[in-house]
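In: could you look at this predicted model? Sequence included:
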Amino acid sequence: MIQFIALNAAISAACFFVLWLIALRLKDASFIDSWWGLGIGVLGLCAFIEGGPPGPRDWLLLGCCEVWALRLGVYLLWRWRKNGRDPRYDKLLAGIQSKRGMGFAMATLVYVFALQGVLQFIVSLPVQLGQWGGSNVIGTLSEMGLGLFLIGFLFESIADWQLVRFKSNPENKGKVLDSGVWKYTRHPNHFGDALVWWGLFLIASESGYVIVILFSPALMSFLLTSWSGAPTVEGRMGKRPEYADYIRRTPGFVPWFPKG
């Protein structure tokens with residue numbers, strides 16, 4: 001097991017190092033968002049290959065992981081290609097370089113690529129360890145996890161599709177999307193993502209590594225609700241008068257009927 005974890009960590013580190021070199025050449029690190037999903041897909045596939053003869057639960061966990069990873073990764077890569085560099089990264093790196101006296105190379109290595117590499121590895125533990133040990137039969141927890149995964153995957157996919165369609169209409173520039181699934185929560189994509197990871201956790205929990213992998217969905221929920229997910233959107237959109245009204249009538253994370 002230690003060798004397995006070490007090998008996957010080495011593969012992940014090598015991928016992030018190559019991507020860091022690309023970022024230095026482009027002078028842009030914001031494409032790394034797309035690797036969040038794609039990288040987890042790579043780790044899930046590595047675990048599947050290294051884990052020996054696969055059983056039904058292994059195939060289920062791998063399938064869910066790869067479908068989620070490809071959809072999110074390709075979508076974020078397309079968004080980066082369409083919109084260009086993300087100003088959030090420019091602001092983050094400018095602040096780090098100013099306060100800590102770092103150049104672009106060191107700032108991106110430590111605060112973007114290394115940080116995301118560690119977080120990605122921790123979050124992906126269910127799809128790694130979930131393919132090791134325990135019964136390979138799809139049990140009740142796996143069935144519940146699949147149901148939760150499908151709800152979350154559908155929710156975040158619809159949310160992203162509705163947002164892309166909304167932004168593609170020039171008449172909506174400066175407006176707030178408050179229809180569709182966005183009518184019931186201000187962050188339907190993040191809510192769906194949280195459900196996905198709790199679903200993957202339930203599937204993986206039948207491997208027996210419950211305590212270890214429980215940290216993954218808990219960390220993901222924290223990131224989405226309190227750090228890099230919802231707070232970044234609220235901070236960017238909160239100054240708009242329309243968004244203040246949207247906050248007043250729309251639940252923050254868990255979907256519910258709007259007020260008024």
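Out: Good, I have the coordinates.
In: near residue 105, how many other residues are there?
Out: Residue 105 is flanked by 12 other residues according to other CB atoms under 10 Å. Using the backbone N, CA and C atoms, a C-beta is placed for each residue, glycine as well.
In: and residue 55, its phi and psi?
Out: With angles defined as degrees, to the nearest 10, residue 55 sits at phi -110, psi -180.
In: kindly report the same for residue 154.
Out: When read as degrees, to the nearest 10, the backbone of residue 154 gives phi -60, psi -40.
In: for it, which residues are in contact?
Out: Contacts of residue 154 were listed using CB atoms under 8 Å, 6 or more residues apart in numbering, and they are residue 192.
In: against residue 166, how distant is it?
Out: 18 Å (CB to CB, to the nearest Å).
In: stretch 161-180: how far from the chain's middle?
Out: 22 Å (CA atoms, centre = their mean, to the nearest Å).
In: tell me the average confidence for that stretch?
Out: For stretch 161-180, the per-residue pLDDT values average out at 95.
In: can you give me the end-to-end distance of it?
Out: 10 Å (CA to CA, to the nearest Å).
In: and the next helix or strand past the helix or strand harbouring residue 42?
Out: Using DSSP states H and E, residue 42 maps to helix 33-50. Using DSSP H and E, the next helix or strand after helix 33-50 towards the C-terminus is helix 56-83.
In: what residues of that following helix count as buried?
Out: For helix 56-83, a neighbour-count test (16 or more other CB atoms under 10 Å) marks 57-58, 60-62, 64-69, 71-73, 75-77, 79-80 as buried.
In: and the angle from it to helix 33-50?
Out: Here helix 56-83 runs at an angle of 160 degrees relative to helix 33-50 (axes from the mean of the first three to the mean of the last three CA atoms, to 10 degrees).
In: how far off centre is helix 56-83?
Out: Taking CA atoms, centre = their mean, the mean C-alpha location of helix 56-83 is offset from the chain mean by 10 Å.
In: got it, and stretch 64-84?
Out: Using CA atoms, centre = their mean, the offset of stretch 64-84 from its chain centre is 10 Å.
In: quick one: contacts of that stretch?
Out: For stretch 64-84, the surrounding residues in contact (CB under 8 Å, 6+ apart) are 30-31, 33-41, 44-45, 86, 127, 146, 149, 153, 156-157, 160, 193, 196, 199-200, 203.
In: what about the residue lying closest to residue 230 once chain neighbours are set aside, how many residues close to it?
Out: Spatial nearest neighbour of residue 230, excluding adjacent residues (CB to CB, 6 or more residues apart in numbering): residue 187 at 4.7 Å. Neighbour count of residue 187, defined by other CB under 10 Å: 25.
In: so who does residue 187 touch?
Out: Residue 187 sits next to 224, 229-230, 233, 252-253 when contact means CB under 8 Å, 6+ apart.
In: for residue 15, same thing?
Out: By CB under 8 Å, 6+ apart, the residues touching residue 15 are 35, 39, 42.
In: show me where the stretch 51-200 of the chain has its helices.
Out: Under the criterion DSSP state H, counting those that start in this stretch, the stretch 51-200 of the chain contains helices at 56-83, 87-100, 104-108, 115-123, 125-129, 140-167, 188-205.
In: just the buried residues of the fifth one, please?
Out: When burial is assessed from 16+ other CB under 10 Å, helix 125-129 yields the following buried residues: 125-129.
In: which among the contacts of stretch 64-84 count as buried?
Out: If we count by 16+ other CB under 10 Å, the contacts of stretch 64-84 have these buried: 30-31, 33-41, 44, 86, 127, 146, 149, 153, 156-157, 160, 193, 196, 199-200, 203.
In: next one: phi and psi at residue 257?
Out: phi -70, psi 140.
In: read off the pLDDT value for it.
Out: 96.
In: excluding sequence neighbours, find me the nearest residue to residue 58.
Out: Per CB to CB, 6+ apart, closest to residue 58 is residue 131, 4.9 Å.
In: and what of residue 97?
Out: residue 107 (5.3 Å).
In: residues in contact with the one you found?
Out: 93, 96-97, 100.
In: okay then, goodbye and thanks.
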